[in-house]
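J.: Sequence and predicted model, in that order:
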Amino acid sequence: MTPTALATLIALIIAHLVGDFLLQPRRWVEARQRDKALAGVLYLHAGLHGLLALAVLIVAGIEPLAAVALALTIAASHALIDLGKAHLDPRRLAWFLVDQALHLAVLVGVWLIWQGSLAPLLAVIDWLARPEVLTHALAYLLVTRPMAIAIALAMRPWSEEVTDPGTLVAAGARIGILERLLVLTLVLLDELTAVGFLLTAKSVLRFGDLRARRDRKLTEYVLLGTLLSVTATLALGLLVRQLPWSG
(Lines give C-alpha, C1' and ligand atoms only; values in the text may rest on other atoms or scores of the structure.)
Protein backbone atom coordinates (compact mmCIF):
# COMPACT_ATOMS: atom_id res chain seq x y z
CA MET A 1 0.00 0.00 0.00
CA THR A 2 1.60 3.23 -1.18
CA PRO A 3 1.41 6.54 0.72
CA THR A 4 -0.64 7.95 -2.16
CA ALA A 5 -3.21 5.16 -1.86
CA LEU A 6 -3.49 5.66 1.90
CA ALA A 7 -3.80 9.42 1.43
CA THR A 8 -6.70 8.81 -0.97
CA LEU A 9 -8.55 6.72 1.61
CA ILE A 10 -8.02 9.37 4.28
CA ALA A 11 -9.19 12.07 1.86
CA LEU A 12 -12.37 10.09 1.12
CA ILE A 13 -13.08 9.85 4.85
CA ILE A 14 -12.46 13.60 5.28
CA ALA A 15 -14.82 14.32 2.38
CA HIS A 16 -17.47 12.17 4.07
CA LEU A 17 -17.08 14.02 7.37
CA VAL A 18 -17.29 17.38 5.63
CA GLY A 19 -20.43 16.33 3.76
CA ASP A 20 -22.14 14.73 6.75
CA PHE A 21 -21.33 17.23 9.49
CA LEU A 22 -20.25 20.55 7.99
CA LEU A 23 -22.41 20.79 4.87
CA GLN A 24 -25.63 19.20 6.17
CA PRO A 25 -28.00 21.72 7.83
CA ARG A 26 -30.17 20.57 10.69
CA ARG A 27 -33.30 21.19 8.62
CA TRP A 28 -32.13 18.58 6.08
CA VAL A 29 -31.93 15.97 8.81
CA GLU A 30 -35.37 16.93 10.12
CA ALA A 31 -36.87 16.79 6.61
CA ARG A 32 -35.39 13.36 6.03
CA GLN A 33 -36.76 12.06 9.33
CA ARG A 34 -40.16 13.50 8.53
CA ASP A 35 -40.59 12.76 4.81
CA LYS A 36 -38.38 9.67 4.43
CA ALA A 37 -37.97 8.75 0.73
CA LEU A 38 -40.03 11.77 -0.35
CA ALA A 39 -37.50 14.21 1.08
CA GLY A 40 -35.68 15.90 -1.78
CA VAL A 41 -32.84 16.90 0.53
CA LEU A 42 -32.04 13.21 1.01
CA TYR A 43 -30.93 12.97 -2.62
CA LEU A 44 -29.35 16.41 -2.56
CA HIS A 45 -27.27 15.35 0.43
CA ALA A 46 -26.28 12.07 -1.24
CA GLY A 47 -25.39 13.91 -4.45
CA LEU A 48 -23.17 16.28 -2.48
CA HIS A 49 -21.31 13.30 -1.07
CA GLY A 50 -20.91 11.93 -4.58
CA LEU A 51 -19.42 15.21 -5.81
CA LEU A 52 -17.01 15.41 -2.89
CA ALA A 53 -15.89 11.83 -3.48
CA LEU A 54 -15.56 12.49 -7.22
CA ALA A 55 -13.27 15.44 -6.54
CA VAL A 56 -11.05 13.27 -4.32
CA LEU A 57 -10.90 10.45 -6.87
CA ILE A 58 -10.10 12.79 -9.75
CA VAL A 59 -7.29 14.42 -7.76
CA ALA A 60 -5.99 10.93 -6.94
CA GLY A 61 -5.52 10.33 -10.66
CA ILE A 62 -8.30 7.83 -11.32
CA GLU A 63 -9.56 7.91 -14.90
CA PRO A 64 -12.76 9.98 -15.18
CA LEU A 65 -15.20 7.18 -16.09
CA ALA A 66 -14.02 4.97 -13.24
CA ALA A 67 -14.10 7.93 -10.85
CA VAL A 68 -17.69 8.77 -11.83
CA ALA A 69 -18.77 5.14 -11.36
CA LEU A 70 -17.19 4.96 -7.91
CA ALA A 71 -18.63 8.35 -6.90
CA LEU A 72 -22.11 7.26 -8.00
CA THR A 73 -21.71 4.12 -5.90
CA ILE A 74 -20.86 6.24 -2.86
CA ALA A 75 -23.79 8.61 -3.49
CA ALA A 76 -26.34 5.81 -4.01
CA SER A 77 -25.19 3.86 -0.96
CA HIS A 78 -25.25 7.03 1.14
CA ALA A 79 -28.86 7.69 0.15
CA LEU A 80 -29.90 4.11 0.99
CA ILE A 81 -28.12 4.13 4.36
CA ASP A 82 -29.58 7.50 5.33
CA LEU A 83 -33.03 6.38 4.22
CA GLY A 84 -32.76 3.35 6.46
CA LYS A 85 -31.66 5.53 9.35
CA ALA A 86 -34.67 7.81 8.76
CA HIS A 87 -36.91 4.94 9.91
CA LEU A 88 -35.02 4.60 13.20
CA ASP A 89 -34.81 6.70 16.36
CA PRO A 90 -32.23 9.42 15.59
CA ARG A 91 -31.62 9.98 19.30
CA ARG A 92 -30.07 6.54 19.78
CA LEU A 93 -26.26 6.55 19.83
CA ALA A 94 -26.20 2.97 18.55
CA TRP A 95 -27.96 3.90 15.30
CA PHE A 96 -25.61 6.84 14.77
CA LEU A 97 -22.58 4.56 15.17
CA VAL A 98 -24.06 1.92 12.86
CA ASP A 99 -24.83 4.60 10.28
CA GLN A 100 -21.27 5.93 10.31
CA ALA A 101 -19.79 2.42 10.29
CA LEU A 102 -21.78 1.54 7.16
CA HIS A 103 -20.66 4.71 5.39
CA LEU A 104 -17.05 3.95 6.33
CA ALA A 105 -17.41 0.37 5.07
CA VAL A 106 -18.63 1.65 1.70
CA LEU A 107 -15.71 4.06 1.42
CA VAL A 108 -13.22 1.31 2.24
CA GLY A 109 -14.94 -0.99 -0.26
CA VAL A 110 -14.74 1.63 -3.01
CA TRP A 111 -11.10 2.24 -2.16
CA LEU A 112 -10.33 -1.50 -2.36
CA ILE A 113 -12.07 -1.69 -5.74
CA TRP A 114 -9.85 1.14 -6.94
CA GLN A 115 -6.81 -0.67 -5.57
CA GLY A 116 -7.90 -3.84 -7.36
CA SER A 117 -6.57 -5.97 -4.51
CA LEU A 118 -7.54 -7.18 -1.06
CA ALA A 119 -3.93 -6.96 0.10
CA PRO A 120 -4.51 -3.83 2.29
CA LEU A 121 -7.48 -5.49 3.99
CA LEU A 122 -5.51 -8.70 4.56
CA ALA A 123 -2.65 -6.66 6.00
CA VAL A 124 -5.03 -5.03 8.50
CA ILE A 125 -6.45 -8.44 9.46
CA ASP A 126 -2.93 -9.78 9.92
CA TRP A 127 -2.08 -6.81 12.16
CA LEU A 128 -5.22 -7.31 14.24
CA ALA A 129 -4.30 -10.98 14.76
CA ARG A 130 -0.92 -10.11 16.31
CA PRO A 131 -0.57 -11.18 19.99
CA GLU A 132 0.23 -7.65 21.20
CA VAL A 133 -2.85 -6.19 19.53
CA LEU A 134 -5.11 -8.92 20.90
CA THR A 135 -3.58 -8.49 24.37
CA HIS A 136 -4.27 -4.76 24.36
CA ALA A 137 -7.81 -5.37 23.11
CA LEU A 138 -8.35 -7.87 25.93
CA ALA A 139 -7.05 -5.39 28.52
CA TYR A 140 -9.37 -2.64 27.27
CA LEU A 141 -12.29 -5.05 27.32
CA LEU A 142 -11.52 -6.14 30.89
CA VAL A 143 -11.56 -2.59 32.29
CA THR A 144 -15.09 -1.96 31.03
CA ARG A 145 -18.02 -4.03 32.26
CA PRO A 146 -16.08 -7.03 33.68
CA MET A 147 -14.04 -4.87 36.05
CA ALA A 148 -17.09 -2.71 36.85
CA ILE A 149 -18.96 -5.81 38.01
CA ALA A 150 -15.95 -7.06 39.99
CA ILE A 151 -15.55 -3.70 41.75
CA ALA A 152 -19.27 -3.51 42.51
CA LEU A 153 -19.10 -6.97 44.11
CA ALA A 154 -15.98 -6.01 46.08
CA MET A 155 -17.72 -2.84 47.33
CA ARG A 156 -20.99 -4.60 48.14
CA PRO A 157 -20.31 -4.92 51.91
CA TRP A 158 -20.30 -1.12 52.17
CA SER A 159 -22.74 -0.13 49.42
CA GLU A 160 -25.81 -0.46 51.64
CA GLU A 161 -24.29 1.89 54.24
CA VAL A 162 -24.23 4.87 51.90
CA THR A 163 -26.89 6.68 49.95
CA ASP A 164 -26.31 9.14 47.14
CA PRO A 165 -29.71 10.14 45.72
CA GLY A 166 -28.29 13.23 44.03
CA THR A 167 -26.45 11.37 41.25
CA LEU A 168 -27.54 10.28 37.78
CA VAL A 169 -28.65 6.68 37.33
CA ALA A 170 -25.60 4.45 36.67
CA ALA A 171 -23.41 7.56 36.22
CA GLY A 172 -20.85 6.27 38.71
CA ALA A 173 -20.32 3.04 36.79
CA ARG A 174 -19.89 4.89 33.50
CA ILE A 175 -17.48 7.38 35.04
CA GLY A 176 -15.51 4.46 36.42
CA ILE A 177 -15.31 2.78 33.00
CA LEU A 178 -14.08 5.96 31.32
CA GLU A 179 -11.62 6.54 34.14
CA ARG A 180 -10.17 3.03 33.78
CA LEU A 181 -9.92 3.35 29.99
CA LEU A 182 -7.95 6.56 30.43
CA VAL A 183 -5.71 5.12 33.16
CA LEU A 184 -4.99 2.00 31.11
CA THR A 185 -4.08 4.14 28.10
CA LEU A 186 -1.72 6.27 30.20
CA VAL A 187 -0.04 3.19 31.68
CA LEU A 188 0.45 1.57 28.27
CA LEU A 189 1.96 4.84 27.02
CA ASP A 190 4.26 4.91 30.08
CA GLU A 191 2.73 8.18 31.27
CA LEU A 192 2.33 7.23 34.92
CA THR A 193 2.74 10.82 36.08
CA ALA A 194 -0.44 11.76 34.23
CA VAL A 195 -2.34 9.16 36.27
CA GLY A 196 -1.53 11.22 39.37
CA PHE A 197 -2.90 14.35 37.72
CA LEU A 198 -6.07 12.43 36.82
CA LEU A 199 -6.59 11.33 40.42
CA THR A 200 -5.93 14.86 41.64
CA ALA A 201 -8.45 16.34 39.21
CA LYS A 202 -11.12 13.85 40.25
CA SER A 203 -10.41 14.50 43.93
CA VAL A 204 -10.79 18.25 43.45
CA LEU A 205 -14.10 17.79 41.61
CA ARG A 206 -15.51 15.48 44.28
CA PHE A 207 -14.07 17.17 47.37
CA GLY A 208 -16.39 20.15 47.44
CA ASP A 209 -19.48 18.04 46.89
CA LEU A 210 -18.54 15.48 49.55
CA ARG A 211 -17.57 18.19 52.05
CA ALA A 212 -20.90 19.94 51.54
CA ARG A 213 -22.76 16.73 52.28
CA ARG A 214 -20.74 16.14 55.45
CA ASP A 215 -21.17 12.43 54.84
CA ARG A 216 -18.01 10.66 55.96
CA LYS A 217 -19.25 7.24 54.93
CA LEU A 218 -19.95 8.41 51.40
CA THR A 219 -16.53 10.08 51.22
CA GLU A 220 -14.77 6.91 52.33
CA TYR A 221 -16.88 4.82 49.95
CA VAL A 222 -16.03 7.00 46.94
CA LEU A 223 -12.35 7.07 47.90
CA LEU A 224 -12.21 3.31 48.35
CA GLY A 225 -13.96 2.66 45.06
CA THR A 226 -11.70 5.06 43.17
CA LEU A 227 -8.51 3.61 44.60
CA LEU A 228 -9.69 0.07 43.96
CA SER A 229 -10.54 0.92 40.37
CA VAL A 230 -7.28 2.74 39.65
CA THR A 231 -5.13 0.14 41.44
CA ALA A 232 -6.65 -2.74 39.51
CA THR A 233 -6.22 -0.89 36.21
CA LEU A 234 -2.63 0.04 37.02
CA ALA A 235 -1.83 -3.57 37.85
CA LEU A 236 -3.42 -4.78 34.62
CA GLY A 237 -1.61 -2.18 32.51
CA LEU A 238 1.77 -2.94 34.10
CA LEU A 239 1.17 -6.67 33.59
CA VAL A 240 0.42 -6.13 29.89
CA ARG A 241 3.60 -4.08 29.50
CA GLN A 242 5.67 -6.90 31.01
CA LEU A 243 4.45 -9.52 28.55
CA PRO A 244 7.27 -10.46 26.15
CA TRP A 245 5.20 -9.81 23.01
CA SER A 246 4.01 -6.38 24.15
CA GLY A 247 7.32 -4.80 23.22
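T.: That came through, no problem. Numbering: from 1, shown residues only.
J.: Every contact and neighbour count from this point should use C-alpha atoms.
T.: Noted.
J.: For the residue nearest the centre of the chain, what is the enclosing helix or strand?
T.: Residue closest to the average C-alpha location in the chain (CA atoms, centre = their mean): Leu97, at 8.3 Å. Using DSSP states H and E, Leu97 sits in helix 93-115.
J.: Output the contacting helices and strands for that helix.
T.: The contact analysis (3 or more CA pairs under 8 Å, 6 or more residues apart in numbering; DSSP states H and E) places helix 93-115 against helix 3-17, helix 64-86.
J.: again, only this time at 6 Å
T.: Using 3 or more CA pairs under 6 Å, 6 or more residues apart in numbering; DSSP states H and E as the contact test, no helix or strand touches helix 93-115.
J.: and the angle for the next helix or strand after that helix with helix 3-17?
T.: Later in the chain than helix 93-115, the nearest helix or strand by DSSP H and E is helix 119-128. Using axes from the mean of the first three to the mean of the last three CA atoms, to 10 degrees, one finds that helix 119-128 and helix 3-17 are set 90 degrees apart in direction.
J.: and the residue nearest to Ala46 when sequence neighbours are not counted, how many neighbours?
T.: Using CA to CA, 6 or more residues apart in numbering and skipping residues adjacent in sequence, the residue nearest Ala46 is Ala75, 4.8 Å away. For Ala75, the count of nearby residues is 23 (other CA atoms under 10 Å).
J.: For Ala75, which residues are in contact?
T.: 46-47, 49-50 (CA atoms under 6 Å, 6 or more residues apart in numbering).
J.: mind checking how far Met155 is from Leu239?
T.: 24 Å (CA to CA, to the nearest Å).
J.: More neighbours: these two, which one.
T.: Neighbours per residue, other CA under 10 Å: of Met155 and Leu239, the larger number sits with Met155, 16 against 13.
J.: Having no further points to raise, I will conclude here.
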